[in-house]
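K.L.:
sequence-free structure coming up:
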Ligand code: PEP
Ligand code: MN
């Protein structure tokens, strides 16, 4: 049952209540929300619910309708993010686990690991204990295989995932692996589930061959009830009458599981299809359906693989799949970040022992698109905070109270965010990264309200422009400008007025518990905003292929053309050129340009000199990896 605590309950009173419930043999889990704190109380409830409502500090008691309690969304409305080292499963960045079916000899395994790492995989898979259908098939390398996995982690930085088939392997799992996999055949091996619950490492729980979603969630409940909340569900195909593929991939499980539980879900298209050519289409579909990630079998010589060769992707196929996923991810509000592990390593190095954690600032309220960009670029566990304005972000980064800032610079529909271009000119900071987000707008209102009841709408002025067609159909509405989309939601939330609505993201709706009255109201669904990451120094050093500059030219015929000629003659791709007025010199302009080179790279030194000669003013804003940078 869910015990909702009274607002303003003291810490001691809440502790006393938890103690009392525990003394009656209930498992108690506290969940602090934005608006209220609840206790999840699990165990055999022998007393009438009204008894619990009479306890001091209790506002109300709500029974959990499902047989699984700790895994249910009813108890835990926010999605869980499972952290495996630097990798967050269930956040805004897709997690791709890749590797062979079984760990093979060291050299081969290492070769596969290096390849998948380069293509953007963030965890490595490989079985050392293989539950095979036939006792005569290869059974895995056992502890020797685990040692190889540990070497993979050591050399590549990839956390390792492997299957545990018996409680007797618990010590080995603790010693060698990062994520313990429970295979489909063992999904209802309850002793094994209790055992991984006690080990306390993250668990990848595969769906049983013929298990219903409810049975699968009950198995997860076993693990959580032992005190281990780090469970990742994995749909890997179920047994049906269809024999064309090895199993039938139940992709419906993604939205169903997302509704029923807070646990993340990934898809295994390899075991689901059993046929190499069918793996990539199903992987793409899984991400489009909203899965948090994938686990995929990849082998550098699948024809000679010791296990599951026919369903293992060739390295080139895996690389192509990752490129496709990179394009699909933003459509469903996520990212596939090729630099995931490298970025984490650099941030760790920058914070280093004895130095404070690297802090990132964004402007606006939590739930705004800048907040989302921050989470997508850096992941959910970065130390981040918000400022009231873009100017404050620049100021704080320049003064050093934060190492990094993230600000929007341009929207694909409405153009540049000039304030930030002016701030880039004013402050002596560098652009060290960029990210593009698909921007989907929704009309948010109060529970019980409808589109017809709305009279006033709050949002950012650029958002009104991006929703011009929809707002044109409701021209009687008053439009009120706000600093950002999340503060617009906050305003209507505080007023409680059902005739008011805000335009913002789905995340903002969830965060503020508001209702989506109409989704996808932006005029063009291909609506993207580009954000840049700013810093005082080159915190994220590494390969770079895009640079941003500001320049002005003399008031002579052909002077701008001369600069452009430098780019053209050196075959440098100019991807953006924009002019901005110089406020102290009416009718004179600065040019902002983006080029697809690392302008600091040695071979470009003469070109930089040439540019200096052809311009009156030249400022290099920075050089960074472009958002669409591909693995080599
Ligand atoms: C595996 O992932 O190697 C495996 C054996 O999968 P499943 O348990 O889903 O068959
Ligand atoms: Mn396999």
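P.N.:
Arrived safely, thanks for sending. Computed from a predicted model, the values in this text were never measured in an experiment. Numbers count the residues shown, from 1 in each chain. Ligands and ions are numbered 1, 2, ... in the order given.
K.L.:
Report the contact partners of residue 83.
P.N.:
With contact set as C-beta atoms under 8 Å, 6 or more residues apart in numbering, residue 83 has these partners: 89, 202, 230, 381. Glycine gets a C-beta too; all of them are placed from N, C-alpha and C.
K.L.:
I would like a PyMOL command selecting only the buried ones among those residues, please.
P.N.:
For the buried members of the contacts of residue 83, the matching PyMOL selection, counting by 16 or more other C-beta atoms under 10 Å, is:
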select buried, resi 89+202+230
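K.L.:
now, which of the contacts of residue 83 sits nearest residue 33?
P.N.:
Nearest to residue 33 among these is residue 381, at 19.7 Å by C-beta to C-beta.
K.L.:
quick one, phi/psi of that closest one?
P.N.:
When read as degrees, to the nearest 10, the backbone of residue 381 gives phi -100, psi 10.
K.L.:
Tell me the spacing between it and ligand 2.
P.N.:
Per C-beta to the ion, to the nearest Å, residue 381 is found 31 Å from ligand 2.
K.L.:
dump the residue contacts of that residue.
P.N.:
Contact partners of residue 381, counting by C-beta under 8 Å, 6+ apart, are 83, 88.
K.L.:
try residue 104
P.N.:
Shown in contact with residue 104 (C-beta under 8 Å, 6+ apart): 141, 305, 306.
K.L.:
rerun that using 7 Å as the cut-off
P.N.:
residue 306 (C-beta atoms under 7 Å, 6 or more residues apart in numbering).
K.L.:
and it, which of the three is it?
P.N.:
The assignment at residue 104 comes out as coil when based on DSSP: H, G, I helix; E, B strand; the rest coil.
K.L.:
Please apply the same query to residue 69.
P.N.:
Taking three-state DSSP, the label given to residue 69 is coil.
K.L.:
Run a quick neighbour tally on it.
P.N.:
23 (other C-beta atoms under 10 Å).
K.L.:
Can you get me the start-to-end distance on stretch 160-170?
P.N.:
For stretch 160-170, the first-to-last residue distance is 15 Å (C-alpha to C-alpha, to the nearest Å).
K.L.:
mind listing the strands for the stretch 51-200 of the chain?
P.N.:
58-62, 82-84, 87-89, 95-99, 123-125, 159-163, 179-182 (DSSP state E, counting those that start in this stretch).
K.L.:
Would you report the backbone torsion angles of the residue lying closest to residue 18 once chain neighbours are set aside?
P.N.:
Spatial nearest neighbour of residue 18, chain neighbours left out: residue 28 (5.0 Å); criterion: C-beta to C-beta, 6 or more residues apart in numbering. Backbone torsions for residue 28, taken as degrees, to the nearest 10, come to phi -120, psi 130.
K.L.:
Next, work out how far apart residue 28 and ligand 1 are.
P.N.:
34 Å (C-beta to the nearest ligand atom, to the nearest Å).
K.L.:
State the distance from that residue to residue 17.
P.N.:
Remark: distance between residue 28 and residue 17 (C-beta to C-beta, to the nearest Å) = 9 Å.
K.L.:
swap in residue 512?
P.N.:
28 Å.
K.L.:
What residue in this protein comes nearest to ligand 2?
P.N.:
Across the chain, the shortest distance to ligand 2 (C-beta to the ion) belongs to residue 101, at 3.2 Å.
K.L.:
Show me what residue 383 is bridged to.
P.N.:
Assessed by DSSP bridges, residue 383 has beta-bridge partners residue 359.
K.L.:
Tell me how many other residues crowd the closest residue to residue 146 other than its chain neighbours.
P.N.:
Computed as C-beta to C-beta, 6+ apart, the closest residue to residue 146 that is not its neighbour in sequence is residue 176, at 4.0 Å. Using other C-beta under 10 Å, residue 176 has 20 other residues around it.
K.L.:
same thing with residue 432?
P.N.:
Residues near residue 432, counting by other C-beta under 10 Å: 23.
K.L.:
circling back: surely the residue nearest to residue 146 is in contact with residue 151?
P.N.:
No. The pair residue 176 / residue 151 is not scored as a contact, 10.0 Å apart, by C-beta atoms under 7 Å.
K.L.:
How about the residues of the stretch 301-450 of the chain by ligand 2?
P.N.:
residue 308 (C-beta under 5 Å from the ion).
K.L.:
Which parts of the stretch 301-450 of the chain are strands?
P.N.:
359-363, 383-387, 404-411, 415-416, 430-438, 442-445.
K.L.:
how far does stretch 176-185 stretch from start to finish?
P.N.:
Stretch 176-185: ends 23 Å apart by C-alpha to C-alpha.
K.L.:
quick one: residue 347 from residue 396, how far?
P.N.:
Residue 347 is 18 Å from residue 396, where distance means C-beta to C-beta.
K.L.:
Repeat that for residue 531.
P.N.:
17 Å.
K.L.:
Show me which of these two is the more surrounded one.
P.N.:
Higher neighbour count among residue 531 and residue 396: residue 531, with 27 against 17, using other C-beta under 10 Å.
K.L.:
Okay, now the unreliable bits of this protein?
P.N.:
For the chain, residues meeting the criterion pLDDT under 70 lie at 34, 629-632.
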